[in-house]
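[1] no sequence on this one, just coordinates:
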Ligand code: ATP
Ligand code: LTN
């Protein structure tokens, strides 16, 4: 039995990018890897790396918990928890900061991007974020970590830190592997198709949120930026808009890009966009229905309580071993 672990930051309403890059893949893996154990959490401490409104943060945390279940994660084989409720993340996060080098953190592209957008000053937590992420993974001896492409660099660093620790203090951590979805590793903004679709983006016109009005979603897809070529062909470089819509269609339907190209040969963009809109809205509609059930269900808190107990138990045991190996404490 192996551990599969992942988390998402509650920095806004999850987008279609989060769904196709992460959530949908969690469900797929859970259906495929029946023998393995799934730890899925809300990375609320990670959200604090940039300023958050406290009230909004609370509600985003709960929304995300309900969404995890609404997309189809099976509560029977799931430890669902909130990161900040397991204090060991912070302790191991600090230890990981003592292992990671400044130069390694300075190379992280997410840090470099976010640093530029930050007007109120860049917090040191934004800089050390990958150390906390490594802790999240290593604490549970996770073997597989499903994430989108943008997180692969952080995952590589988690691998490096696991190896460094094992080398210095003796075998302690499993070196984790990232798992990307087959399609949808990077969904881009519908209005600016060379930029990643981000849930905390300032302009929401090019972003599809899983909990937004279905007609609005259709409209956004139909007004997605494309090109003048008029041909439905995958070419990220020269046709980023159409290629993004094709990726969305492929990730939603399970079809290969090549199959989509032949299916839509000779078709116009209008017809293709309509089909993309329908396939997206159909799936999101089902998610929204289940979301409404979960968000109002007392079972949500019961699952989160059970998840916290289970995660605390595993994390607590692991930390005892780590303290012993590093020699701090009594
Ligand atoms: P923020 O805007 O606050 O940085 P985000 O939308 O980038 O957030 P994260 O919480 O950082 O979302 O990511 C959660 C998961 O979703 C990660 O596994 C990440 O790789 C994946 N993901 C995020 N955006 C996309 C995207 N546009 N395409 C594919 N996967 C994505
Ligand atoms: N950094 C991740 C969220 C995250 C995560 C993790 C993902 C925090 N800790 C551990 C996988 C494993 C992101 O998606 N922004």
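    Noted; the coordinates are in hand. Please read all numbers here as calculations on a predicted model, not as lab measurements. Ligands and ions are numbered 1, 2, ... in the order given.
[2] The host helix or strand of residue 31 packs against which elements?
    Taking DSSP states H and E as the criterion, the element that holds residue 31 is helix 24-32. Under the contact criterion of 3 or more Cβ pairs under 8 Å, 6 or more residues apart in numbering; DSSP states H and E, the helices and strands touching helix 24-32 comprise strand 3-8, strand 37-42, strand 144-146. In short, each C-beta sits where N, CA and C put it, glycine included.
[3] tell me which parts of the stretch 101-250 of the chain are close to ligand 1?
    The stretch 101-250 of the chain comes close to ligand 1 at residues 147-148, 150-151, 184-187, 196-200, as judged by Cβ under 6 Å from any ligand atom.
[4] Only whichever of those are buried, select them in ChimeraX.
    To isolate the buried members of these in ChimeraX, using 16 or more other Cβ atoms under 10 Å:
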select :147,148,150,151,184,185,186,187,196,197,198,199
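[5] So which residues of the stretch 51-200 of the chain form strands?
    With DSSP state E, counting those that start in this stretch as the criterion, the stretch 51-200 of the chain has strands at 78-82, 144-146, 177-179.
[6] Relative to ligand 2, which of these is closest?
    Distances from ligand 2 to each of the strands of the stretch 51-200 of the chain were compared using Cβ to the nearest ligand atom; the shortest belongs to strand 144-146, at 5.0 Å.
[7] wait, does that closest one make contact with ligand 2?
    Yes - figure legend: strand 144-146 in contact with ligand 2 (Cβ under 6 Å from any ligand atom); contacting residues residue 145.
[8] Span of stretch 164-182 from start to end?
    30 Å (Cα to Cα, to the nearest Å).
[9] and it, which residues are buried?
    Neighbour-count burial for stretch 164-182 flags 165, 169, 172-174, 176, 178-181 (criterion: 16+ other Cβ under 10 Å).
[10] Pick out the most distant pair among those.
    Pairwise distances across the buried residues of stretch 164-182 peak at 34.4 Å for 169 and 181 (criterion: Cβ to Cβ).
[11] Mean pLDDT per helix and strand in the chain: which one sits at the bottom?
    Lowest by mean pLDDT, DSSP states H and E among the helices and strands of the chain is helix 109-117, with a mean of 88.
[12] which residues touch whichever residue of the chain sits closest to ligand 1?
    In the chain, no residue comes nearer to ligand 1 than residue 21, which is 1.8 Å away by Cβ to the nearest ligand atom. Residue 21 is in contact with 147-150, 181, 184-187, counting by Cβ atoms under 8 Å, 6 or more residues apart in numbering.
[13] Assumed residue 232 was part of a strand.
    No - under the criterion used here (DSSP: H, G, I helix; E, B strand; the rest coil), residue 232 is coil, not part of a strand.
[14] which residue packs closest to it, ignoring adjacent ones?
    Leaving aside its sequence neighbours, residue 232 sits nearest to residue 264 (Cβ to Cβ, 6 or more residues apart in numbering; 4.2 Å).
[15] try residue 39
    Among residues not flanking residue 39 along the chain, residue 5 sits closest, at 4.3 Å (Cβ to Cβ, 6+ apart).
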